[in-house]
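A.B. asks: Below are the sequence and a predicted model for it; my questions follow.
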Amino acid sequence: MTHENKITIILAIALICVSTASIFARWLDSVPAVTIAAWRMVLGSVFLWMISIVHPQPKLDRKHRLLTAVSGIFLGLHFLFFFTALKLTSIANATFLATLAPLFTILIEKIVFKKKLIPGLLPGLGFAFLGMLVILGGKLEFEPGQVKGNLLAVISSFWISITYLLTENIRRSTGTLTYSRSLYFWAAVLLFLVGIIFRIPVFSVSGHDFTGLVLIGLVPTVFGHSLLYFALRFVPPGIVASVPLGEPVIASVLAIIIFNEFPDIMVCAGGAFVLGGLYKVVRCKSNIINPGNVIKGEEAPGEGLLYEEDN
């Protein structure tokens with residue numbers, strides 16, 4: 001199997017895993033947003049540190065420690081703003097406006113870092129965003145009382161785009177597990193501090209809810225976000241940030257299987273545009289994929305996905 005095909009499979013698995021977050025959120029509908037985000041991050045970090053016990057990892061380079069902490073804070077801000085937006089505006093508004101990360105990522109790469117746009121990237125993104133608009137139809141609402149929530153959702157997209165850009169730089173010389181375990185830790189620190197400062201019951205969780213938190217910390221975090229960070233070693237942030245655009249489509253399929261909730265015709269039609277656009281975006285990586293950009297234990301895409309051998 002070629003490196004390109006392996007990366008495609010990795011991105012597909014990451015998309016499916018990330019898309020389970022909304023399913024688990026349904027399970028945790030009585031848990032405060034900050035509590036869900038905080039435990040998602042801390043449990044994700046714990047799982048990766050547990051793997052590190054079995055497969056010892058190199059320590060994070062001193063030069064990357066501060067940058068990783070900053071990246072983790074931006075990731076924590078993303079979850080904080082997004083889950084808060086869900087409390088203030090409709091799910092349709094929050095979900096769509098929180099998927100603008102590719103737009104921010106590409107703009108920053110173009111304006112700040114003066115990078116050339118990858119041929120075919122903009123048309124692919126255009127199809128994906130068109131599909132999102134079709135799915136939402138007339139559901140977007142911008143009443144005065146929802147403006148704050150809408151703005152928070154947009155800002156959450158900006159925070160995650162910064163995380164992707166910082167991750168690309170760190171991942172050039174840092175393994176997936178070494179980086180991700182620290183990234184999630186710093187995000188959790190921020191979120192728990194927010195919970196404590198605003199007196200949100202972040203430590204008051206029932207056994208039933210904790211089971212859901214364990215699953216959301218494992219599936220969409222360890223096997224979702226971590227695989228996206230793995231892919232950042234081989235493809236640009238603009239492409240990786242585009243993958244979650246397919247989340248509403250996959251989530252709709254999972255809702256059919258688990259909750260017997262069938263989407264309407266607009267969701268099906270829009271989903272076809274989204275998946276077609278994502279296919280176009282992911283295919284762009286064939287022009288820039290770099291299978292030689294590896295470290296020990298990550299010899300090729302698909303090998304050493306979660307851990308690297310100690311030096």
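C.D. replies: Arrived safely, thanks for sending.
A.B. asks: Poorly predicted segments of this protein, please.
C.D. replies: 1, 90-93, 117, 135-145, 248, 259, 261-264, 267, 282-311 (pLDDT under 70).
A.B. asks: Any chance you could spot the residue sitting in the middle of this structure?
C.D. replies: residue 225 (4.9 Å; Cα atoms, centre = their mean).
A.B. asks: Hmm, it is touching residue 181, no?
C.D. replies: No: using Cβ atoms under 8 Å, residue 225 is not in contact with residue 181; the gap is 11.9 Å. C-betas here are computed from N, CA, C, even on glycine.
A.B. asks: can you map out the helices along the chain?
C.D. replies: With DSSP state H as the criterion, the chain has helices at 3-18, 21-27, 33-54, 62-88, 91-97, 101-111, 121-136, 147-170, 176-197, 207-217, 226-231, 237-242, 247-259, 265-283.
A.B. asks: okay, those helices in JSON lines with mean neighbour count next?
C.D. replies: What follows is those, written out as JSON lines (neighbours: other Cβ atoms under 10 Å):
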{"stretch": "helix 3-18", "mean neighbour count": "19"}
{"stretch": "helix 21-27", "mean neighbour count": "18"}
{"stretch": "helix 33-54", "mean neighbour count": "21"}
{"stretch": "helix 62-88", "mean neighbour count": "20"}
{"stretch": "helix 91-97", "mean neighbour count": "21"}
{"stretch": "helix 101-111", "mean neighbour count": "19"}
{"stretch": "helix 121-136", "mean neighbour count": "20"}
{"stretch": "helix 147-170", "mean neighbour count": "21"}
{"stretch": "helix 176-197", "mean neighbour count": "22"}
{"stretch": "helix 207-217", "mean neighbour count": "17"}
{"stretch": "helix 226-231", "mean neighbour count": "25"}
{"stretch": "helix 237-242", "mean neighbour count": "28"}
{"stretch": "helix 247-259", "mean neighbour count": "17"}
{"stretch": "helix 265-283", "mean neighbour count": "19"}
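A.B. asks: what's the distance between the closest residue to residue 16 other than its chain neighbours and residue 168?
C.D. replies: The shortest distance from residue 16 to any non-neighbouring residue, by Cβ to Cβ, 6 or more residues apart in numbering, is to residue 250 (5.8 Å). Using Cβ to Cβ, to the nearest Å, residue 250 is found at 24 Å from residue 168.
A.B. asks: Repeat that for residue 269.
C.D. replies: On the measure of Cβ to Cβ, residue 269 and residue 168 end up 34 Å apart.
A.B. asks: Residue 249 contacts residue 275, doesn't it?
C.D. replies: Yes: using Cβ under 8 Å, residue 249 is in contact with residue 275, at 6.1 Å.
A.B. asks: now residue 254: how far from residue 216?
C.D. replies: Distance of residue 254 to residue 216, given as Cβ to Cβ: 14 Å.
A.B. asks: and if you look at residue 101?
C.D. replies: As judged by Cβ to Cβ, residue 101 and residue 216 stand 20 Å apart.
A.B. asks: shared neighbours of residue 249 and residue 275, anything?
C.D. replies: Listed as contacting both residue 249 and residue 275 by Cβ atoms under 8 Å, 6 or more residues apart in numbering are residue 131.
A.B. asks: show me the contacts for residue 223.
C.D. replies: Residues near residue 223 by Cβ under 8 Å, 6+ apart: 13, 14, 17.
A.B. asks: For residue 59, the count of nearby residues, please.
C.D. replies: 11 (other Cβ atoms under 10 Å).
A.B. asks: Send me stretch 273-281 as CSV with only the CA atoms.
C.D. replies: The C-alpha coordinates for stretch 273-281 follow below in CSV (Å, rounded to 0.1, in the frame of the first residue of the first chain):
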residue,chain,number,x,y,z
PHE,A,273,-21.4,17.5,-1.6
VAL,A,274,-19.4,17.4,1.6
LEU,A,275,-17.9,14.0,1.0
GLY,A,276,-17.1,14.9,-2.6
GLY,A,277,-15.4,18.1,-1.5
LEU,A,278,-13.4,16.2,1.2
TYR,A,279,-12.3,13.6,-1.4
LYS,A,280,-11.0,16.5,-3.6
VAL,A,281,-9.2,18.1,-0.6
